[in-house]
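S.K.: Okay, sequence plus prediction incoming.
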Amino acid sequence: MIDYDKLQKSLKHLEQQFENYQRAQDRKELVEIDREAIAESVIHRFETCFDTLWKDLKRYLTEEIGLAEVPNNPKAVLRLGGQNDLFAASVEQWLKYCDARNNSAHDYSGEKAAVTLLIVGDFIEDAIGLYQTMTKTTWE
């Protein structure tokens, strides 16, 4: 049986910090360095969540779907997820999330960070959908 606790926790933390990020622009008590720190936290939580998600998806494909050989590569795992109709969004969208994760690593400012922050909301929605598919539970 697959333990989804780490995925659930990382996704909840991402969801909460992204909401905090969205509200940060309207919070007058925050200075720019505070807003940057919140944005950096969102990106870091996105990376952690993405990494946990694709690894759990790999386990799901092996243990629940019964695929004998699943590569240890996020893009290959995502393509297999798409081939097995596990995503509401397109495989191309999931590959964009993977690219954003790879591009944002250790670069939390500038253009790459901005691109990542633009897709986090969609990622959260799609990740929740995949979580529900894999766990057969409702997101709380």
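M.R.: Received it, and whenever you're ready, just let me know what you need. Numbers count the residues shown, from 1 in each chain.
S.K.: Tell me where the model's unsure across this protein.
M.R.: Counting by pLDDT under 70, the chain shows low-confidence ranges at 106-109.
S.K.: which residue is nearest the middle of it?
M.R.: By C-alpha atoms, centre = their mean, the chain has its centre lying nearest to Phe50, at 3.7 Å.
S.K.: How about that one: what's its closest non-neighbour residue?
M.R.: Arg101 (4.5 Å; C-beta to C-beta, 6 or more residues apart in numbering). C-beta here means a position set from N, CA and C on the backbone, and glycine is covered the same way.
S.K.: The strand or helix carrying that neighbour packs against which elements?
M.R.: According to DSSP states H and E, Arg101 maps onto helix 91-104. For helix 91-104, the packing partners by 3 or more C-beta pairs under 8 Å, 6 or more residues apart in numbering; DSSP states H and E come out as helix 32-60, helix 74-83, helix 111-135.
S.K.: With distance to Arg23 added, can I get those in JSON lines?
M.R.: What follows is the helices and strands packed on helix 91-104, written out as JSON lines (distance: least, C-beta to C-beta, whole Å):
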{"stretch": "helix 32-60", "distance to Arg23": "9"}
{"stretch": "helix 74-83", "distance to Arg23": "31"}
{"stretch": "helix 111-135", "distance to Arg23": "13"}
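S.K.: wait, which of those helices is closest to Lys96?
M.R.: helix 111-135 (6.6 Å; C-beta to C-beta).
S.K.: Next, the angle from the closest one to helix 32-60.
M.R.: 40 degrees (axes from the mean of the first three to the mean of the last three C-alpha atoms, to 10 degrees).
S.K.: orientation of the helix holding Arg101 relative to helix 111-135 in degrees?
M.R.: 130 degrees.
S.K.: buried set for helix 91-104?
M.R.: The neighbour-count check on helix 91-104 (16 or more other C-beta atoms under 10 Å) flags 91, 93-94, 96-98, 100-101, 104 as buried.
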